[in-house]
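Asks: Quick one: sequence plus predicted model below, questions after.
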Amino acid sequence: MIKHKLYGIKTGILCLSLAVLSSVNVLAQKVVTIDANSKGEKFDHYWSKMVGAGRANEGLRAGWLEQLQQVQENCGFQYVRFHGLFHDDMFPIVEERGKLVYNWQYIDDLFDRMLDLNVKPFVELAFFPSSMAAENSKTVFWWKANITPAEDSFEKFHDLVKAFTQHCVDRYGIDEVLTWYFEVWNEPNLYPFFWDGTKSQYFELYKQSAMAVKSVDKRLKVGGPSTSNFVPDTRFDGEKTNDEASEAVFNTKDINSLKWHGVWIEDFLKYCKKENLPVDFVSTHPYPTDYAFNPETGKGKGLTRYVHSVKDDLQWLKNTIAKSDFPNVELHLTEWHTSPSSRDHMHDRLPAATYIVKSNLECIGLTNSLALWTFTDIFEEKGGASSIFHGGFGMINFQGLVKPSYHAYRMLHQLGEEKLYKDDYLFVSKNSKNNNIVALAYNYPKEYEMRYLLVRINVKQERLKNLISL
């Protein structure tokens, strides 16, 4: 734990006395002296850019909206992203006098209320309305999101996206909608979970969606491929997922020694270059785990990566984009948490908050957003939970009780925009508007990182013994 005393005023010399209690009960003290009159290094509050939610229809509930207002006011979130905007329960297409017509009333209701709370939509263009999906389409979740395209789905989806985008411009004005983002689908690499099609078919869906958005106004922002967490193998290199290619991960004693990379990113950018398609931002989901459902007991046991994996992934992504034909696109990590399981009890616990703070402060300058999935436990991918704390993604539980992760974002939001000092336990900032000094102290215990280092040392020693025996 960290005990800290903060001495200082708006200007002058700031002295921070940190007393760090180690795991062996040895009290170590460190004094940090900072000139509060100095000009700090500017940084962006990218952690407040966006936050996730479950699906669009859940946003029509009073509790969801109340919690969104709370996190906007106290954590500063500017955008919210969710699944199912075009799902049947939002009725984007209805039958009227024997004809299918577009219907935006439910989407309008949701967007109106969000904008009234000073939160903009980060629009995820998904999933297929039943009238647009393949006959006997595969579905995902209990609410049966349609994920299988028919032969004419791409043309119909183009028309749907174009009509929807035009409607948004007509209703909210082009100046407002120019500040939005349009992301094509969600995790299409996870065949057949979120996308019952091939990689090439997703690229065609992106093509039609991007053309539809840009046909309304070329300045509107569109991007993808919204793929899932990084991997160290070739399971997603082909047209469909090859799970056999991931078996080596389960036989590796030190998964952090493997080379992890983003999914579909390079192929996606090459395709867009070849087809002369617009890309305003690249999106993906850098969860620090692999096969992380039930990470304590299930298939993903032992497959949680070390604490710096998010920084490693973002650096890979930033370098990859810099070398591509789209070096200046924005980077949005549209989902992220300690794991992609809505029944991971770490989400309810204190260590998650420290992990959130450490990861976000460590990744300053590497991305435009890193969106926690999600702000609320009013979230039903697995259906309704049977207990008030069940490992849900949310910063706030169903009953409105805030979790440690909520306080992590509340504290990050209070930081200034100039960095004066940073180490493994302390971040000191200044607000240039009023010269207030704000310091955030946190403790991600070194022994947790040491466990990882010891694993690597033991693995290397074992490999050395094997070489010697040969």
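Replies: Received the coordinates, thanks. Numbers count the residues shown, from 1 in each chain.
Asks: Only C-alpha atoms from now on, for both contacts and neighbour counts.
Replies: Will do.
Asks: quick one: which helix or strand includes the residue nearest the centre of the chain?
Replies: In the chain, the C-alpha nearest the mean C-alpha coordinate belongs to E335, at 1.9 Å (CA atoms, centre = their mean). Here E335 sits within strand 330-336, counting by DSSP states H and E.
Asks: Can you name the element that comes right after that strand?
Replies: helix 350-362.
Asks: What angle do strand 330-336 and that next one make with each other?
Replies: In this structure, helix 350-362 runs at an angle of 180 degrees to strand 330-336, with axes from the mean of the first three to the mean of the last three CA atoms, to 10 degrees as the basis.
Asks: Name the residues of helix 350-362 that are buried.
Replies: Neighbour-count burial for helix 350-362, counted by 16 or more other CA atoms under 10 Å, picks out 351-362.
Asks: what's that helix in contact with?
Replies: 47, 307-308, 310-311, 337-338, 346, 370, 404-409, 412, 427, 442-444 (CA atoms under 8 Å, 6 or more residues apart in numbering).
Asks: distance between the following helix or strand past it and the chain's centre?
Replies: Following helix 350-362 in sequence order, the next helix or strand is strand 369-372 (DSSP H and E). Chain-centre distance of strand 369-372: 4 Å, with CA atoms, centre = their mean, to the nearest Å.
Asks: and if you look at stretch 77-85?
Replies: Counting by CA atoms, centre = their mean, stretch 77-85 is centred 11 Å from the centre of its parent chain.
Asks: Next: stretch 339-359.
Replies: On CA atoms, centre = their mean, the centre of stretch 339-359 falls 13 Å from that of its chain.
Asks: What's the end-to-end length of it?
Replies: 14 Å (CA to CA, to the nearest Å).
Asks: Likewise for stretch 425-437?
Replies: In terms of CA to CA, the two terminal residues of stretch 425-437 are separated by 17 Å.
Asks: tell me the contacts of the residue lying closest to H83 once chain neighbours are set aside?
Replies: When the adjacent residues along the chain are set aside, H83 lies closest to R55, with 4.4 Å between them (CA to CA, 6 or more residues apart in numbering). Going by CA under 8 Å, 6+ apart, R55 touches 82-85, 379.
Asks: Among the residues you listed, name the ones in strands.
Replies: Per DSSP state E, strands hold the following members of the contacts of R55: 82-83.
Asks: Check the contacts of R55 and tell me the two furthest apart.
Replies: The span of these, defined through CA to CA, is set by L85 and F379 at 14.7 Å.
Asks: So in that sheet, which strands flank the strand holding E335, and in what orientation?
Replies: strand 281-284 (parallel), strand 369-372 (parallel) (DSSP bridges).
Asks: Which among the ones you listed is found nearest to R113?
Replies: strand 369-372 (20.7 Å).
Asks: Now do that closest one: everything it contacts.
Replies: Residues from elsewhere that reach strand 369-372, judged by CA under 8 Å, 6+ apart: 46-52, 331-337, 360.
Asks: can I have it written out in PDB, keeping just the CAs?
Replies: These are the backbone C-alpha positions of strand 369-372, laid out as PDB (Å, rounded to 0.1, in the frame of the first residue of the first chain):
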ATOM      1  CA  SER A 369      -8.600   6.100 -26.800                       C
ATOM      2  CA  LEU A 370      -8.600   3.000 -24.700                       C
ATOM      3  CA  ALA A 371     -12.200   2.200 -23.900                       C
ATOM      4  CA  LEU A 372     -13.000   0.300 -20.800                       C
END
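Asks: of the contacts of R55, closest to W264?
Replies: The closest of those, once distances to W264 are taken by CA to CA, is H83, at 20.4 Å.
Asks: Report the separation between the closest one and H337.
Replies: 17 Å.
Asks: What of P232?
Replies: According to CA to CA, P232 stands 19 Å off from H337.
Asks: Between the two, which has more neighbouring residues?
Replies: Neighbours per residue (other CA atoms under 10 Å) separate P232 from H337, with H337 holding more: 24 against 19.
Asks: For that one, what are phi and psi?
Replies: Backbone torsions of H337, given as degrees, to the nearest 10, read phi -170, psi -170.
Asks: For it, which residues are in contact?
Replies: Here H337 is in contact with 287-288, 356, 372-373, 393 (criterion: CA under 8 Å, 6+ apart).
Asks: swap the cut-off to 10 Å and go again
Replies: By CA atoms under 10 Å, 6 or more residues apart in numbering, the residues touching H337 are 285-289, 346-347, 352, 355-356, 370-374, 393-394, 405.
Asks: Thanks a lot, see you next time.
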